[in-house]
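**Q** Build me a model from this:
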Amino acid sequence: MYKLGFRNNNCIGCVKARDSIDYWKRVRKYFPEQFNKTAELERRFGYCINRVTKKGVKIDVFLDEIEEGEPKGKDPNIQCGLFCMSESDNLKTNEDKSK
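**A** The predicted structure is shown next:
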C-alpha cells in the first residue's frame, strides 16, 4: 500500500477518508472494484463521502463524480481502530440480511 502512494495500510476504500479526492482517485486507480462498490453504496444511501470547496463553500460530491486523473495530494491521516472493525461487521451483517 505504501509503495502505491497510500499513507496507511488500512481498509481499502476507507470511508474515514472524507474530503480526500486524491485518496479516492488512488483507490479508483489501484482498486477499481472497491471504488465502484463504495460509489454504488453512496448512491444507494444518498450520502456523499467527499466534499469539494468552490468559492469558499463546501459542496457534496459523489465518488462517481470525481474527475478522472492522477492523484496529486497526500492521503489524510486516517486512524484505524476497534470502532472501524465493529462498524464493518455491522455493515456486512445488514447487507447479508437485505439479500
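
**Q** Can you show me the strands along the chain?
**A** Defined through DSSP state E, the strands belonging to the chain, from first to last, are 50-54, 57-61.

**Q** which other residues reach the last one?
**A** Meaning strand 57-61. Residues from elsewhere that reach strand 57-61, judged by Cβ atoms under 8 Å, 6 or more residues apart in numbering: 19, 21, 48, 50-53. (Each C-beta comes from the backbone N, C-alpha and C, glycine too.)

**Q** Tell me how far residue 12 lies from residue 58.
**A** 25 Å (Cβ to Cβ, to the nearest Å).

**Q** quick one: which of the two has more around it?
**A** Neighbours per residue, other Cβ atoms under 10 Å: of residue 12 and residue 58, the larger number sits with residue 12, 15 against 11.

**Q** The more buried one and residue 28, how far apart?
**A** Applying Cβ to Cβ, the value for residue 12 to residue 28 is 11 Å.

**Q** Can you tell me, leaving aside adjacent residues, what's nearest to residue 64?
**A** Excluding the flanking residues, the one nearest residue 64 by Cβ to Cβ, 6 or more residues apart in numbering is residue 39, at 4.5 Å.

**Q** Kindly report the same for residue 37.
**A** In space, not counting the residues next to it along the chain, residue 37 is nearest to residue 13; the distance is 7.4 Å by Cβ to Cβ, 6+ apart.

**Q** what about that neighbour, neighbour count?
**A** The burial count assigned to residue 13 is 21, neighbours taken as other Cβ under 10 Å.

**Q** And for residue 24?
**A** As a measure of burial, residue 24 has 22 neighbours, counting by other Cβ under 10 Å.

**Q** So it is in contact with residue 35, correct?
**A** Yes: the pair formed by residue 24 and residue 35 meets the contact definition of Cβ atoms under 8 Å, at 6.9 Å.

**Q** so what sits against both of the two?
**A** 13, 63.

**Q** wait, doesn't residue 52 sit right on residue 21?
**A** Yes: the pair residue 52 and residue 21 passes the contact test of Cβ under 8 Å, sitting 6.8 Å apart.

**Q** More neighbours: which of the two?
**A** For residue 52 and residue 21, the more surrounded residue by other Cβ under 10 Å is residue 21, and the numbers stand at 19 against 15.

**Q** Noted, bye for now.
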